[in-house]
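Undergrad: take a look and give me a structure for this.
(chains A, B, C and D)
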2 protein chains.
Amino acid sequence: MSSPKSETPKLNKGQQTKALILETALELFRERGYEQTTMRDIAEKANVALGNTYYYFRSKEHLIQAFYHRTQEELLAASEPILAKERSLKARLLGIMRARLELIEPYHQFAGVLFRTAGDPKSPLNPFSVESLETRKQSTATFEQVVGGARLRIAIPADLYAELPNLLWIYQMGIILFWIHDTSPNRIRTHQLIEHTVDIVAKLITIATFPLVRPLIKRTLRLLATFRQDLDNLPAPNLDEEIDKDELDSGLEP
Amino acid sequence: MSSPKSETPKLNKGQQTKALILETALELFRERGYEQTTMRDIAEKANVALGNTYYYFRSKEHLIQAFYHRTQEELLAASEPILAKERSLKARLLGIMRARLELIEPYHQFAGVLFRTAGDPKSPLNPFSVESLETRKQSTATFEQVVGGARLRIAIPADLYAELPNLLWIYQMGIILFWIHDTSPNRIRTHQLIEHTVDIVAKLITIATFPLVRPLIKRTLRLLATFRQDLDNLPAPNLDEEIDKDELDSGLEP
DNA sequence: GTCTATAACCGGATAGAC
DNA sequence: GTCTATCCGGTTATAGAC
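TA: Presented below is the predicted three-dimensional model:
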């Protein structure tokens, strides 16, 4: 391959320029927002030619995608100390959620753009896309640790336990959706929300272990599994084929 | 005012042109998608000048907003016969959800755009915006009828009962989010999803009436009420001030 | 392979005349 | 209310330099 003798290649020229462009872009996005920042602005401030920004980032949105990945790595790094320190499920989950909020706070003003493109099924940025599969897995892995490393006071049925990380991932997406729309100063509203909901989540898990709701839980888990398989692009089983006898009359009709 | 003597004003010139532009646009959107349709295409096919389309619709997105409102009306109309016919909560909810899906199916391919802009907090299209308040209220009103006109076999606590329409509205938003990302033929996946989840929703309501979970329900309802007030732009009460004694130890920590 | 410079294209949006 | 001309910014293309 190239430069077999170079001792510390670290960042070659190209990577440096790429990083420069990204940092400049994010700076401008933070300062004046996404729409108000033109590609020409970015090129000018970074002292590169307009064409060069396109050499490194195929489009303006790809700059966001790059930010997205960078943040994802920071998120993973920020999670470690929390997971090492906290032992209760509630504290672990709350810690992770707080860390996430803090990390993304500076970008709140252009988070809308992120979510706007993320909401488009055709966008590679959307959390359900094939391109996001890796990110989603990493993210879910964090929640696996949240659950797996927690000291639990009750026994959680295996099937529910296995699905918890995915459920928490969905929970997290909901919180981010709220955060994007949160206009309260410093996003206190979202902080209040996680404090309350983390608690509620913990209690829901407990309730989910009660025998009375067992059929409902089983059924819901089956539903979730089916649709997650869709997401992961595996052939999904036919839901209608397996009607659980448990289900037939659980007597829970209002 | 103008034309005080005209007998049947019906559609004046302006309204006609506006309607023509909208219908032409939607036709093109359906045929070739949103992005592939340019404002120039629309203007040309409708035989009006480009500038004229902007006279009636402030932006390309506003065409979607118009579609959004038109659909909303159709939705309300389609709901009536269902609510008149079905009596059980489950059947009423399922009927409404099915009607919604059928109505929006032809527009599935550009639904992504709808949701993309709808995800942007700055967009008037987003379901939480002030501009959407009226639509949201109408939509919630439908769910009020769903609940209010249902023959229930159990007694639902007043506070939960009052919040149900809003909860169902959120449920509906979740389903639409799924629908947008659903690539299965004829959206069977979403249809399966509503069939199963409507059932689950019904059972959850029943469970929510159990005394054991009462404190959790109360707390969750309070949380919801607070944040909904934010949405409606009312001053929100401070959540932390009122800690419910019921809550202190419900013994539901995992 | 990395980068510059420049011109051009395209389509959403606007201004201003009629 | 309707039109034409124009702007603006994302994006592409090209041609050439290190």
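Undergrad: the longest helix in chain A is where?
TA: Assignment by DSSP state H gives helix A:60-85 as the longest helix of chain A.
Undergrad: run a quick neighbour tally on residue A:184.
TA: 12 (other C-beta atoms under 10 Å in any protein chain shown). The C-beta positions use only the backbone N, C-alpha and C, and glycine is treated the same way.
Undergrad: just give me the neighbour total for the residue nearest to residue A:126 when sequence neighbours are not counted.
TA: If the residues on either side of it in the chain are set aside, residue A:126 comes closest to residue A:118, at 5.1 Å by C-beta to C-beta, 6 or more residues apart in numbering or on different chains. Using other C-beta under 10 Å, residue A:118 has 26 other residues around it.
Undergrad: so what does the residue nearest in space to the middle of chain A look like in phi/psi?
TA: What sits nearest the mean C-alpha location of chain A, by C-alpha atoms, centre = their mean, is residue A:139, with 5.7 Å. Note on residue A:139: backbone dihedrals following degrees, to the nearest 10 are phi -60, psi -40.
Undergrad: helix, strand, or coil at the residue lying closest to it once chain neighbours are set aside?
TA: For residue A:139, ignoring the flanking residues on the chain, the nearest one in space by C-beta to C-beta, 6+ apart is residue A:169 at 5.9 Å. For residue A:169, the assignment made with DSSP: H, G, I helix; E, B strand; the rest coil gives helix.
Undergrad: and the residue nearest to the centre of chain A, how close does it get to residue A:170?
TA: 11 Å (C-beta to C-beta, to the nearest Å).
Undergrad: what residues does chain A put near DNA strand D?
TA: A:37, A:38, A:39, A:40, A:50, A:51, A:54, A:58, A:59, A:60, A:61 (C-beta under 7 Å from any atom of the strand).
Undergrad: list the contacts for the last one?
TA: The contact partners of residue A:61, taken as C-beta atoms under 8 Å, 6 or more residues apart in numbering or on different chains, are A:117, A:123, A:125.
Undergrad: any idea which of those has the most stuff around it?
TA: residue A:125 (22 neighbours).
Undergrad: wouldn't it be in contact with residue A:66 here?
TA: No: assessed by C-beta atoms under 8 Å, residue A:125 is found out of contact with residue A:66, at 10.8 Å.
Undergrad: now the helix or strand of chain A with the lowest mean pLDDT against helix A:60-85, angle please.
TA: Ranking every helix and strand in chain A by mean pLDDT, DSSP states H and E puts helix A:111-118 at the bottom, with a mean of 75. Going by axes from the mean of the first three to the mean of the last three C-alpha atoms, to 10 degrees, helix A:111-118 is angled at 110 degrees with respect to helix A:60-85.
Undergrad: quick check: which element contains residue A:14?
TA: Using DSSP states H and E, residue A:14 sits in helix A:13-32.
Undergrad: how about that helix, does it get close to chain B?
TA: No: counting by C-beta under 8 Å from any C-beta of the partner chain, chain B is not contacted by helix A:13-32; separation bottoms out at 14.1 Å.
Undergrad: can you tell me what sits against whatever helix or strand comes next after that helix?
TA: Remark: after helix A:13-32, the chain's next helix or strand is helix A:39-45, criterion DSSP H and E. Here helix A:39-45 makes contact (C-beta under 8 Å, 6+ apart) with A:21, A:24, A:25, A:27, A:28, A:49, A:50, A:52, A:53, A:54, A:60, A:63.
Undergrad: now helix A:39-45: mean pLDDT?
TA: Per-residue pLDDT over helix A:39-45 has a mean of 97.
Undergrad: touching DNA strand C at all, the next helix-or-strand element following it?
TA: For helix A:39-45, the succeeding helix or strand toward the C-terminus, using DSSP H and E, is helix A:50-56. Yes: for helix A:50-56 and DNA strand C, the contact criterion (C-beta under 7 Å from any atom of the strand) is met by A:50, A:51, A:52, A:55, A:56.
Undergrad: dump the residue contacts of residue A:121.
TA: By C-beta under 8 Å, 6+ apart, the neighbours of residue A:121 are A:128, A:129, B:112, B:180, B:181, B:183.
Undergrad: go again using 6 Å as the cut-off
TA: Residue A:121 is in contact with B:112, B:180, B:181, counting by C-beta atoms under 6 Å, 6 or more residues apart in numbering or on different chains.
Undergrad: surely the first one is in contact with residue A:120?
TA: Yes: using C-beta atoms under 6 Å, residue B:112 is in contact with residue A:120, at 4.6 Å.
Undergrad: from residue A:174, how far off is the residue nearest to residue A:189 when sequence neighbours are not counted?
TA: Here the nearest residue to residue A:189 in space, its sequence neighbours aside, is residue A:182; by C-beta to C-beta, 6+ apart that works out to 4.8 Å. Residue A:182 sits 12 Å away from residue A:174 when distances are taken as C-beta to C-beta.
Undergrad: so which of these two has more stuff around it?
TA: residue A:182 (23 against 14).
Undergrad: what's the helix holding residue A:14 packed up against?
TA: Other elements packing on helix A:13-32 under the criterion 3 or more C-beta pairs under 6 Å, 6 or more residues apart in numbering or on different chains; DSSP states H and E are helix A:39-45, helix A:50-56, helix A:60-85.
Undergrad: any chance of those helices in TSV with distance to residue A:91 as columns?
TA: Converted to TSV, the helices and strands packed on helix A:13-32 look like this (distance: least, C-beta to C-beta, whole Å):
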stretch	distance to residue A:91
helix A:39-45	41
helix A:50-56	41
helix A:60-85	8
